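Novice: sequence first, then the predicted structure:
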Amino acid sequence: MQNKRDLIVIGGGAGGLVIASVASQLGLNVTLIEKQAKLGGDCLHHGCVPSKALIKAAKVAHLMRRAGEFGLPSQSFPIDLGKVNQQVNSIVDHIQQHDDPERFRAYGCEVLLGEPARFISPHAVQVGERVIEGRRFVIATGSRPFIPAIPGINPDDLLTNESLFDLQQLPASLAVLGGGPIGLELGQAMSRLGSQVTLLQRGPRLLAHEDTELVDLLQKQLTDEGLQIQTNSDIERIEHQNDQYEIIDNNHDRVRVDKILVATGRRPNIEGLDPERAGIETTPRGIMVDRRLRTSQKHIYACGDVAGPYAFTHQAEYQAGLIISNAVFRFPKKADYRILPWVTYTDPELAQVGLTEQQAREQGIKHTVLRFDFKEVDRALTERETAGRVKLVTRKGKILGASILGPQAGELIHELVLAMQSGAKIGDISAAIHAYPTLAQIHRRTVNTAYAAKLFSPLTRRLVRWLQRLPG
Ligand SMILES: Cc1cc2nc3c(=O)[nH]c(=O)nc-3n(C[C@H](O)[C@H](O)[C@H](O)COP(=O)(O)OP(=O)(O)OC[C@H]3O[C@@H](n4cnc5c(N)ncnc54)[C@H](O)[C@@H]3O)c2cc1C
Ligand SMILES: NC(=O)c1ccc[n+]([C@@H]2O[C@H](COP(=O)([O-])OP(=O)(O)OC[C@H]3O[C@@H](n4cnc5c(N)ncnc54)[C@H](O)[C@@H]3O)[C@@H](O)[C@H]2O)c1
């Protein structure tokens, strides 16, 4: 048995890498354990990075078909998914260089690759034959696809985010199970690349936690573009015949497809970690943590998908920063998710921060909603990307939440994140000069709707007429 490590980080993905890098650069003896042969985790290898690269390729294909709208010859062509995925994976490989284990080793971090860690006591983990003791631990083991138990389904036949980016041939038809962010982002991308996509959502709504008015607009956009969306689709069984799958739902509707992509949620990676041997409390949603990201064992922290409450890379990184503060600097900091933004990278994108209109209503908060449509914004018109709307949930001039459906919504949301974070009022957004012609002008246009009624009221018009009569 070797000397006790100051910090043992389990999982070399978004959360674990931030902690291992900072803690080892601060001089702690850190061991980072990653069960795969490469660092980077789900975001880099099977999540954010390849999905956004695929989405971009699909947008290029979509624009080539739409070229006629720009006065250019439009193009329609068969797509070689193998080539598309090759360039997708070349981007993953490029970014992988930042996560080179040698970079971490150069900081003095011990990096163990290729075998999982499992707890054998509250103060030790086993990796292969080796037992490693630590003063503090961080669990950052992420999540994996949840595969629902549907009769007739052979999990090996299904595509998930772990296999889609290795697919060589574009399926002529594809069923996507699940209308969450993964299903919508990848479903639209595959549809734009040329698959006939049918998306089956079990419940009544897509993206159940998002603003319903904007989700309805998005759903219309997607169906207009060719995606078939079936909600309230409770799948009863799947039959496999002649290299095709027939999906039969509770209404006895049948959908026949070449491939099935499962995007029905995630499960935390705690199997095989043996958290109970360390006395760590878990639930089916993952590892329980307090607001300082401590588990039921106060020297063991957890962050990212395995701890929740959300499943975003920027949440994992934010939590990693808090763990550094709490565990390394011993400066207590609590997590606060009220101003955590997120983006669904469909086209148009859907971005959210703070409360939606429905949440404000459900919580009984008196509020005003300001709205503005992209079709009134000059830059959206020049870009021919006019679908969508900004919604601001406000109270006494302060922003409680913002929902944006539109071009580059994921970029645009950050002005509102900063406004909320700094306590700026809608008047501050109105006073800030926004360059013309930008999509960001929509923020001024949205907040100015709050003043338009007062500005052009009969009273103001009378006042202006009176001012005009003054001498000088
Ligand atoms: C298709 C898809 C698209 C996504 N797009 C976005 C997006 O656009 N924006 C966004 O913010 N989020 C996105 N996400 C979510 C994002 O990928 C996750 O929230 C993020 O990766 C979580 O980071 P993490 O550190 O918790 O886990 P991960 O990054 O997955 O890292 C966990 C690591 O732990 C390792 N591990 C597991 N068990 C053990 C063990 N016992 N011992 C050692 N190592 C172990 C795993 O191999 C893995 O490398 C997407 C996810 C998917 C699936
Ligand atoms: N842009 C982003 O930030 C981004 C992108 C992708 C994923 N993610 C993260 O990954 C997480 C997982 O995404 P997800 O889309 O897999 O999960 P999700 O839980 O958000 O959505 C899954 C959907 O599948 C439905 N469903 C469940 N079982 C079903 C069944 N048997 N048949 C049909 N529908 C079924 C659910 O009702 C739900 O609407 C998200 O919570 C998100 O945080 C983020």
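Specialist: Everything's here; your move. Ligands and ions are numbered 1, 2, ... in the order given.

Novice: rest of the way, CA atoms for contacts and neighbours
Specialist: OK.

Novice: up against ligand 1, what does the stretch 151-300 of the chain have?
Specialist: Taking CA under 6 Å from any ligand atom as the criterion, the neighbours of ligand 1 within the stretch 151-300 of the chain are Asn161, Ile182, Asn269, Leu273.

Novice: and which of those is nearest to Ala431?
Specialist: Within those, distances to Ala431 taken as CA to CA reach their minimum at Ile182, with 38.0 Å.

Novice: my guess is the closest one contacts Ala263. True?
Specialist: Yes: with contact defined as CA atoms under 8 Å, Ile182 reaches Ala263; the gap is 5.8 Å.

Novice: how about Leu240, secondary structure?
Specialist: Let me fix one detail, which is that residue 240 is His and not Leu. In the three-state summary, His240 is assigned as strand, counting by DSSP: H, G, I helix; E, B strand; the rest coil.

Novice: what's the nearest residue to it if we skip its chain neighbours?
Specialist: On the basis of CA to CA, 6 or more residues apart in numbering, the spatially nearest residue to His240 that is not a chain neighbour turns out to be Glu246, at 6.4 Å.

Novice: the one you found: how many residues sit nearby?
Specialist: The local packing count at Glu246 equals 20, with neighbours defined by other CA atoms under 10 Å.

Novice: what distance do you get for it to ligand 1?
Specialist: When distance is defined by CA to the nearest ligand atom, to the nearest Å, Glu246 is 24 Å away from ligand 1.

Novice: check Ile79 too.
Specialist: In this structure, Ile79 and ligand 1 are separated by 21 Å, where distance is defined by CA to the nearest ligand atom.

Novice: and that residue, what element?
Specialist: For Ile79, there is no host helix or strand (DSSP states H and E).

Novice: quick check: phi and psi on it?
Specialist: Summarising the backbone geometry of Ile79 under the convention degrees, to the nearest 10, its torsions are phi -110, psi 130.

Novice: burial count for it?
Specialist: For Ile79, the neighbour count with other CA under 10 Å is 15.

Novice: numbering from 4 from now on, please.
Specialist: Done: numbering now begins at 4, and the last item shifts to Ile82.

Novice: so what's it up against?
Specialist: Neighbouring residues of Ile82 by CA atoms under 8 Å, 6 or more residues apart in numbering: Leu173, Leu196, Gly197.

Novice: let's have the residues you listed in TSV, adding pLDDT and secondary structure.
Specialist: Compiled in TSV, these are given as follows (pLDDT from 0 to 100; DSSP: H, G, I helix; E, B strand; the rest coil):
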residue	pLDDT	secondary structure
Leu173	98	coil
Leu196	98	helix
Gly197	97	coil
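
Novice: show residues contacting stretch 370-379.
Specialist: For stretch 370-379, with CA under 8 Å, 6+ apart as the criterion, the contacting residues are 360, 363, 383-384, 388-398, 409, 445, 448-450, 452-453.

Novice: what do you get if the cut-off is 7 Å, keeping everything else the same?
Specialist: With contact meaning CA atoms under 7 Å, 6 or more residues apart in numbering, stretch 370-379 is reached by 383-384, 389-398, 409, 448-450, 452-453.

Novice: same thing with stretch 41-58?
Specialist: Outside stretch 41-58, the residues that reach it (CA under 7 Å, 6+ apart) are 15-17, 91-92, 95, 99, 102, 104, 116, 164-165, 168, 189, 192, 316.

Novice: out of the residues of the stretch 154-303 of the chain next to ligand 1, who's nearest ligand 2?
Specialist: If you rank those by distance to ligand 2 using CA to the nearest ligand atom, Ile185 comes first, at 3.8 Å.

Novice: would you mind listing what in this protein touches ligand 2?
Specialist: Proximity of the chain to ligand 2 (CA under 6 Å from any ligand atom) is limited to residues 151, 180-186, 203-206, 209-210, 266-269, 313-315, 345-348.

Novice: out of the contacts of stretch 370-379, which end up buried?
Specialist: With burial judged by 16 or more other CA atoms under 10 Å, the buried subset of these is 383, 389-398, 409, 448-450, 453.

Novice: and which of these is nearest to ligand 2?
Specialist: Lowest distance from ligand 2 to those (CA to the nearest ligand atom) belongs to Gly409, with 14.4 Å.

Novice: pretty sure that closest one contacts Arg392?
Specialist: Yes: using CA atoms under 7 Å, Gly409 is in contact with Arg392, at 6.3 Å.

Novice: so Ile326: helix, strand or coil?
Specialist: helix.

Novice: ligand 1 versus the residue nearest to it when sequence neighbours are not counted, what's the distance?
Specialist: Counting by CA to CA, 6+ apart, the nearest residue to Ile326 once its immediate chain neighbours are dropped is Leu296, at 6.7 Å. Shown here: Leu296 relative to ligand 1, a distance of 13 Å by CA to the nearest ligand atom.
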